[in-house]
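# got a sequence here, can you model it:
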Amino acid sequence: MKADSIKSELESYASTVNNFILAFVEGKPKELYQASSHYIRTGGKRLRPFMVLKGCEMLGGSAERALPAAAAVELVHNFTLVHDDIMDNDEIRHGTATVHRYYGMPLAILAGDILFSKAFELLTFNCRKARIPDKSIIHMVEHLSFACTEICEGQAIDVEVASSAKFPSVQHYIDMIGKKTATLFEVSCALGALSSPNHTASDIRNLSSFGRNIGIAFQLIDDLIGVIGDPKLTGKTAGNDIREGKKTYPILLALKNANKEDAEKIKRVFGTRGKALSQDIKEAVRIISHIGIEQDVRNEARRYLHEAVKSIEGYSNSDARRALQFSADFVVGRSL
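Okay, the predicted model is just below:
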């Protein structure tokens with residue numbers, strides 16, 4: 001299976017998941033449900049649902065059988081995005097206004113709550129319609145509810161780190177993103193295994209390990225994009241993580257490797273939110289870009305990618321396994 005065909009399949013699966021969700025997330029008041037589906041309608045690769053579907057296929061199941069679980073994961077992801085954008089004061093996502101900017105804060109909070117509750121409705125009612133056994137559904141609910149708790153804990157740690165005058169250690173940062181980001185990739189792969197009719201406990205462990213390592217690699221690259229990413233490619237404001245004072249791995253590396261003068265320039269605009277001049281933020285981005293941290297961050301991400309691929313190398317070399325491996329390569333190779 002070639003990379004181009006897998007990319008085409010990723011787009012096809014994303015369309016299937018989008019259509020399924022848009023048909024499911026409907027109701028009144030109309031504006032509440034429009035806010036809830038805002039990010040579904042404005043873009044996204046649907047990488048997490050893709051891992052659910054391909055994980056199930058790799059173990060002999062069908063994408064159709066795993067579709068409710070894949071949609072549930074995407075709803076939880078969107079729930080976290082809505083609330084994360086509120087906490088981070090982000091105004092743009094996927095090149096358009098964030099939910100709270102477009103619909104207002106009260107409706108955005110409620111939209112996030114709708115997405116959360118609808119995810120568990122999918123896991124119970126719709127998974128049963130897909131003929132998944134009740135025992136597997138119970139395990140799915142256990143895995144997803146635990147993941148949601150971990151995500152909230154990770155977000156709370158992120159808030160705590162942001163409010164502290166100190167910068168975290170690299171290990172503390174990895175532990176934080178393990179909860180905040182990697183957990184949802186992990187549970188995506190676990191739900192893929194649980195959707196398969198003939199899964200084993202070993203399958204759940206192996207796919208969970210794959211997802212967790214991919215999730216850490218994903219956040220490393222995402223944080224790199226948040227610091228030096230091109231707004232034309234990312235749809236995000238340039239230097240947003242610098243402006244918002246996010247103490248991420250790329251920032252830790254930049255401050256460690258910069259000379260004293262450049263480090264001071266970065267610190268001067270770090271966490272200033274709307275107070276710093278645009279040209280000062282651009283100068284900080286330029287300094288960080290020229291320090292050469294991109295390769296270091298990508299190398300660290302590739303280390304986790306290698307561990308992920310090891311988790312599934314014992315399975316037959318099927319199209320589904322190769323698709324999962326491609327999704328891992330995509331995570332690390334994303335353009336800035």
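# I figured E57 hits R322, correct?
No - here E57 lies out of contact with R322, judged by CB atoms under 8 Å, at a distance of 11.1 Å. All C-beta atoms are positioned from the backbone trio N, CA, C, and that covers glycine.
# who has more neighbours out of those two?
The residue with more neighbours, out of E57 and R322, is E57; 22 against 17, by other CB atoms under 10 Å.
# please give me every residue in contact with the more buried one.
63, 66, 318-320 (CB atoms under 8 Å, 6 or more residues apart in numbering).
# rerun at 6 Å
A320 (CB atoms under 6 Å, 6 or more residues apart in numbering).
# what about it, which helix or strand?
helix 47-58 (DSSP states H and E).
# so after that helix, what's the next helix or strand?
Heading C-terminal from helix 47-58, the first helix or strand you meet, by DSSP H and E, is helix 63-88.
# now that next one: buried residues?
63, 65-86, 88 (16 or more other CB atoms under 10 Å).
# go on, stretch 198-214?
By 16+ other CB under 10 Å, the buried positions in stretch 198-214 come out as 199, 203-204, 206-214.
# return the alpha-carbon coordinates of it using CSV.
This file holds the C-alpha atoms of stretch 198-214, laid out as CSV (Å, rounded to 0.1, in the frame of the first residue of the first chain):
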residue,chain,number,x,y,z
ASN,A,198,-11.7,-11.7,18.3
HIS,A,199,-9.5,-9.4,20.3
THR,A,200,-7.3,-10.5,23.2
ALA,A,201,-5.9,-8.7,26.2
SER,A,202,-2.5,-8.7,24.5
ASP,A,203,-4.1,-6.9,21.5
ILE,A,204,-5.5,-4.2,23.7
ARG,A,205,-2.1,-3.7,25.4
ASN,A,206,-0.1,-3.6,22.1
LEU,A,207,-2.4,-1.2,20.4
SER,A,208,-2.7,1.0,23.5
SER,A,209,1.1,1.2,23.6
PHE,A,210,1.2,2.1,20.0
GLY,A,211,-1.3,4.9,20.6
ARG,A,212,0.4,6.3,23.7
ASN,A,213,3.7,6.6,22.0
ILE,A,214,2.2,8.2,18.9
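# pLDDT on that stretch, on average?
Averaged over stretch 198-214, pLDDT sits at 97.
# could you give the average pLDDT over the host helix or strand of L233?
In this assignment (DSSP H and E), L233 forms part of helix 231-234. The average pLDDT within helix 231-234 is 72.
# low-confidence ranges in this protein?
For the chain, the stretches with pLDDT under 70 are 1-3, 234-237, 335-336.
# where do the strands sit along it?
Along the chain, counting by DSSP state E, strands occupy 92-93, 96-97.
# highest average neighbour count across these?
When you average the neighbours per residue for each of the strands of the chain (mean count of other CB atoms under 10 Å), strand 92-93 leads with a mean of 19.
# and that one, how far out from the chain's middle?
With CA atoms, centre = their mean, to the nearest Å as the basis, strand 92-93 stands 15 Å off its chain's centre.
# do stretch 146-158 as well
In terms of CA atoms, centre = their mean, the centre of stretch 146-158 is found 13 Å from the chain centre.
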